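Student: predicted coordinates and the sequence they were generated for:
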Protein chains: 2
Amino acid sequence: MSAGWFRRRFLPGDPLPAPRPPGPRASPVPYRRPRFLRGSGSSPGPADASRRPDARPVRSPARGRSLPWNAGYAEIINAEKSEFNEDQAACGKLCIRHSEFGAEDDQEWLTLCPQEFLTGHYWALFDGHGGPAAAILAANTLHSCLRRQLEAVVEGLVATQPPMHLSGRCVCPSDPQFVEEKGIRTEDLVIGALESAFQECDEVIGRELEASGQVGGCTALVAVSLQGKLYVANAGDSRAILVRRDEVRVLSSEFTPETERQRIQQLVGVFGRGRLWNPAPIPVSRAARGHRREPGLSTASPPQAFVYPELLAGEFTRLEFPRRLKGDDLGQKVLFRDHHMSGWSYKRVEKADLKYPLIHGQGRQARLLGTLAVSRGLGDHQLRVLDTNIQLKPFLLSVPQVTVLDVGQLELQEEDVVVMATDGLWDVLSNEQVAWLVRSFLPGNREDPHRFSELAKMLIHSTQRKDGPTGEGQVSYDDISVFVIPLHGQGRGSSGH
Amino acid sequence: MSAGWFRRRFLPGDPLPAPRPPGPRASPVPYRRPRFLRGSGSSPGPADASRRPDARPVRSPARGRSLPWNAGYAEIINAEKSEFNEDQAACGKLCIRHSEFGAEDDQEWLTLCPQEFLTGHYWALFDGHGGPAAAILAANTLHSCLRRQLEAVVEGLVATQPPMHLSGRCVCPSDPQFVEEKGIRTEDLVIGALESAFQECDEVIGRELEASGQVGGCTALVAVSLQGKLYVANAGDSRAILVRRDEVRVLSSEFTPETERQRIQQLVGVFGRGRLWNPAPIPVSRAARGHRREPGLSTASPPQAFVYPELLAGEFTRLEFPRRLKGDDLGQKVLFRDHHMSGWSYKRVEKADLKYPLIHGQGRQARLLGTLAVSRGLGDHQLRVLDTNIQLKPFLLSVPQVTVLDVGQLELQEEDVVVMATDGLWDVLSNEQVAWLVRSFLPGNREDPHRFSELAKMLIHSTQRKDGPTGEGQVSYDDISVFVIPLHGQGRGSSGH
């Protein structure tokens, strides 16, 4: 099956770049001067030869013996944020074999494997930060983790309903009924495999980076076509959308410090008042009616018992304010919200509230501990806030959110596609603008066998021109990668067995 | 404004029932034999005289000087689960005064208050368990907490946009822009006030019950009509729906061990593998490609470092299985899911997996620690799993989820209503069945000034008859309370100022 994508700079089998000495690019980012800022002009530095906007699209066949998918077009958009392209990608045929684990050999997975039991397709985008190392590792590793996870449950995958016991042996006669009542379907096993594969890959990256003295992390957006369904797993701020003639459907959610505020705040404040259990005896005096204390300030009053006080090392405040507070705000009642609030309230500002906020900034500028723009992804095991011992990892989740699209149930048209892209594209183009570009491009290029690749290329080029087709004049300065996946044929053709 | 509701057995000002000695009704419930089971036939015991199904509807004026709302109809459905009705309710005019906190007197809130600054309406249902004490306290307390929280932010409530500083003093010229960029609206202050009020009320209940030697907890479902909007705050398994001529909209989500599985599991396993930070050095041997271990079992393999191991006291397993495991399952690979999974996978059963599950059972039978059927609510500070020191409270949230209905934007018909009811109603009637009953009843009773109360009564009676109007023949054995709130007029008439 042909799909458009952008070649990653490093393909499976490429050696990892040699460890670099700590420097401004590789080191953790100070929360006073965020460096991972997307869309900001970063300082000039060494960049690879094919960097945009002046480089020409590179038309090259897919290279390497182990890449079974059809050739496409390769292009690199490198925003000079690091020496190597921080965006990485992988795609290929997903060959799930039916073999007991341990008996299999160590052969390369991404090969044409005639003995496959179940086949599908896999596309993945990884947007690195703090260097390309984690993204390269993820591009080389995640599909293997996923294959292993799927092979471990393959008997359940091909059953009408997953059996309680993988062996099929029935310990309790009503086991099928228990599974039925829980509503467990075959697709839940694929979702579980994706969730576990992301975790496993994260651990591999942690070990590999530690062993090689490298640093960094990456977001991960994965699409898997299997048994007539398309699974989209996302950890980070990339995005996948379905574009049909009369429908645009978002297939992923972005995970940023802003969208995951409550989860992150809860980690340092789920029992914020420190007395929810083992409460100290408190004098009671008609509290139900005459209870008096300063209202509106109740949820943020000291003393607070953080769940993990050491995670903030006394340097950050858990609370969110519309802006960072300063001395002039002391004693004032200002807008704030805490982990338990989706609404807002006012609190009287104390000295502790002047600390740097756990989550700070707005929209694309929002940062976790002043350092990271994403709250889920792979890697970052060693990342610390500059000049502190505060680790980012406890706040980051490697678990993706998985969306399932029942492709078999859609009445697919030939030009129905899924567009997957890293955040650089979505910073500049809205879902509707991308849909408009898709619908404008495809009908006029029906004869071009590479039209999906050309479309992906066109989408990226739209972000590099001030006179772009949207007329908005916005230009992206970020690394960008795009997959365009045609859905026609996925419903029936993508699963073997 | 007239609304239908069911009188709670205890009204504001009634003395609390005397503390009762610990007994089978008041004591924590064993996880082996759940007693809080809804819809099950519970053992006969003393019940008040008006218990259903034989009691007649009691038509009585609203009693007490402090109840300004229009009289309605009173009826009690007591399922004999406890000596006193565990369902409690409160409603009234919400009078928010404009006064600095501390200067106000201690007068009863639920009075006609001519000096009000802003007025609205308040309806609340509390479904108690382990006795009625917490529900009675909540019915007597929550509105006061809410009023105080709202009065603390009232200057923000009446502004077009909440100011950064409650004083209105502008410390930083771009403060309005910060507030604008965060998208903070007036309704966020009401949401915040509801969230804080629930927390405050929970603390009051904890102190009061401790002081009086009583136990118990309750769910809470609150609707507040203010400034042209209806706010529905829910903590528990009650439900509110909007019924219009051609629309049924659910205004609340239920919070049960099943719907909150991941939050509850995360509390004892957010860093499940115990090495996400400060990882121990692990030998690396081409892990990215040659990494080998038993797949599908990875996410549940020991050793695990629980966040709060003491919360389970080694007596429960965090993992979810389709049914409770037994000796025959040992060594088998069975379906399971952990906190990070929305999908399912298989794991090989070890001895620790045979423990009682943290969350067990299906649908209405699902229990948290074998004890509680809800995962949010007020009270339960002293509740422990029978014969253990394991506390339920750390797993319970008192924070509600708040939904906002912009009544002012709806083209309201006279028969558009919100139906609020405790779980006993929804066990027997679906949203669509309730909507059908509403649409069947109201048009034929346009002249009856008490038709909304009659409708509420009719809804409850529908759950008590095997030949009920739905023809389903299901009968509820639970305490049931219902409010029917007519929306017509709320959009303009419910807010003062």
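Tutor: Nice, I can see it. Just so we're clear, the structure is a prediction, and the values are computed from it rather than from any experiment.
Student: ok, which stretches of the stretch 151-300 of chain A are strands?
Tutor: A:217-226, A:229-235, A:239-244, A:247-250 (DSSP state E, counting those that start in this stretch).
Student: of those, which stretch is the most buried?
Tutor: strand A:217-226 (a mean of 28; mean count of other Cβ atoms under 10 Å in any protein chain shown). Glycine gets a C-beta too; all of them are placed from N, C-alpha and C.
Student: for chain B, tell me whether that strand is touching it.
Tutor: No - applying Cβ under 8 Å from any Cβ of the partner chain, one finds strand A:217-226 out of contact with chain B, separated by at least 12.4 Å.
Student: what average pLDDT does that strand get?
Tutor: Throughout strand A:217-226, pLDDT has a mean value of 97.
Student: who does that strand pair with, and is each partner parallel or antiparallel?
Tutor: strand A:118-129 (antiparallel), strand A:229-235 (antiparallel), strand A:378-379 (antiparallel) (DSSP bridges).
Student: let's have these in JSON lines, adding mean pLDDT and distance to B:Gln382.
Tutor: Shown next, in JSON lines, are these (pLDDT from 0 to 100; distance: least, Cβ to Cβ, whole Å):
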{"stretch": "strand A:118-129", "mean pLDDT": "94", "distance to B:Gln382": "48"}
{"stretch": "strand A:229-235", "mean pLDDT": "98", "distance to B:Gln382": "40"}
{"stretch": "strand A:378-379", "mean pLDDT": "98", "distance to B:Gln382": "44"}
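Student: quick one: which of these is nearest A:Leu137?
Tutor: strand A:378-379 (7.5 Å; Cβ to Cβ).
Student: which element follows the closest one toward the C-terminus?
Tutor: Helices and strands here follow DSSP states H and E; after strand A:378-379, the next one along the chain is strand A:401-405.
Student: in that following strand, what counts as buried?
Tutor: Of all the residues in strand A:401-405, those buried under the rule 16 or more other Cβ atoms under 10 Å in any protein chain shown are A:401-405.
Student: so which of those is the closest to A:Ser225?
Tutor: Out of these, the member with the shortest distance to A:Ser225 (by Cβ to Cβ) is A:Leu405, at 9.3 Å.
Student: closest to A:Gln464 out of the strands paired with strand A:217-226?
Tutor: Nearest to A:Gln464, of the strands paired with strand A:217-226 and by Cβ to Cβ, is strand A:118-129 at 17.5 Å.
Student: follow-up on the earlier one: now the strands of the stretch 151-300 of chain A as JSON lines including distance to A:His381?
Tutor: As requested, those are arranged in JSON lines below (distance: least, Cβ to Cβ, whole Å):
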{"stretch": "strand A:217-226", "distance to A:His381": "8"}
{"stretch": "strand A:229-235", "distance to A:His381": "15"}
{"stretch": "strand A:239-244", "distance to A:His381": "25"}
{"stretch": "strand A:247-250", "distance to A:His381": "30"}
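Student: looking at those, which is closest to B:Glu411?
Tutor: Of all those, strand A:247-250 comes closest under Cβ to Cβ, at 27.8 Å.
Student: mind listing what that closest one pairs with, with the direction of each?
Tutor: Here strand A:247-250 has these sheet partners by DSSP bridges: strand A:239-244 (antiparallel).
Student: let me see the mean pLDDT of the strand it pairs with.
Tutor: The model assigns strand A:239-244 a mean pLDDT of 98.
Student: who touches it?
Tutor: A:221, A:223, A:232, A:234, A:248-252, A:254, A:405, A:410, A:413, A:416-421, A:423, A:426, A:431, A:434-435, A:438-439, A:487 (Cβ atoms under 8 Å, 6 or more residues apart in numbering or on different chains).
Student: got the angle for that strand vs strand A:401-405?
Tutor: In terms of direction (axes from the mean of the first three to the mean of the last three Cα atoms, to 10 degrees), strand A:239-244 departs from strand A:401-405 by 10 degrees.
Student: from the stretch 351-497 of chain A, which residue is nearest to chain B?
Tutor: A:Val399 (4.5 Å; Cβ to the nearest Cβ).
Student: so that residue sits right up against A:Gly236, yeah?
Tutor: No - using Cβ atoms under 8 Å as the test, A:Val399 is too far from A:Gly236 to be in contact (11.5 Å).
Student: tell me where the model's unsure across the stretch 351-497 of chain A.
Tutor: The stretch 351-497 of chain A contains residues with pLDDT under 70 at A:467-473, A:490-497.
Student: how about the residues of it by chain B?
Tutor: A:362-363, A:381, A:391, A:393-394, A:397, A:399, A:401-402.
Student: follow-up on the earlier one: ok, the buried residues of strand A:401-405 vs B:Ile184, which is closest?
Tutor: Nearest member of the buried residues of strand A:401-405 to B:Ile184, counting by Cβ to Cβ, is A:Gln401, at 26.4 Å.
Student: my guess is that closest one contacts A:Val222. True?
Tutor: No - the criterion here is Cβ under 8 Å, and A:Gln401 misses it with A:Val222 at 11.2 Å.
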